[in-house]
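Undergrad: Next comes the sequence, and after it the predicted model I'd like to discuss.
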Amino acid sequence: ALWNSREYRARWVKGVETTLSCSSSGLGTCLDLGEGPLLAIIAARSGAPSVLCLENDHSKAMLSRCLAHAAGVSSVVKTVTLKAEETEEDGARLDAEMDAAVKLAA
């Protein structure tokens, strides 16, 4: 895949940084639809005011929350599971599990 190419990745990051640094861009929330929060983290580090990271299932959402937290951008990146059966209680449980995972990793 192209994403594995350092040159491609560097150009993509530069494009995101350039777009977000334009004062006239008027960008609000960035949207990351995909497997994991890599693009969301890059957008947050490049100055996006907020980033919404959508994941397909609970375990991917928990991992994405944990990685955003570890990258220091959890206040900007919000992760949501697309499955309709997720409740607020599930989200609170995942947040508690993420906090525990971060403590174990520290």
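TA: Alright, I've got the coordinates.

Undergrad: okay, CA-based contacts and neighbour counts for the rest of this
TA: Will do.

Undergrad: all helices of this structure, in order?
TA: Here the chain has its helices, by DSSP state H, at 6-21, 38-45, 58-70, 88-105.

Undergrad: nearest to Thr81, of the ones you listed?
TA: Go through these one by one with CA to CA and the one that ends up closest to Thr81 is helix 58-70, at 6.0 Å.

Undergrad: how many degrees apart are that closest one and helix 38-45 in direction?
TA: Angle of helix 58-70 versus helix 38-45, following axes from the mean of the first three to the mean of the last three CA atoms, to 10 degrees, is 30 degrees.

Undergrad: Show residues contacting stretch 68-84.
TA: Outside stretch 68-84, the residues within contact range by CA atoms under 8 Å, 6 or more residues apart in numbering are 37, 40-41, 44-45, 48-58, 61, 64-65, 102.

Undergrad: now with 6 Å?
TA: Surrounding stretch 68-84, the residues in contact under the criterion CA atoms under 6 Å, 6 or more residues apart in numbering are Ser50, Val51, Leu52, Cys53, Leu54, Glu55, Asn56, Asp57, Ala61.

Undergrad: By neighbour count, which bits of it are buried? Give me those.
TA: Residues Ala68, His69, Val73, Ser74, Val76, Val77, Lys78, Thr79, Val80, Thr81 are the ones in stretch 68-84 that count as buried (16 or more other CA atoms under 10 Å).

Undergrad: same question, stretch 6-21
TA: When burial is assessed from 16+ other CA under 10 Å, stretch 6-21 yields the following buried residues: Val13, Val16, Glu17, Thr19, Leu20.

Undergrad: One more: stretch 50-58?
TA: Within stretch 50-58, the residues that qualify as buried are Ser50, Val51, Leu52, Cys53, Leu54, Glu55, His58, counting by 16+ other CA under 10 Å.

Undergrad: Let me know whether the second one touches Leu33 as I believe.
TA: No - when contacts are counted by CA atoms under 6 Å, Val51 is not listed as touching Leu33 (10.6 Å).
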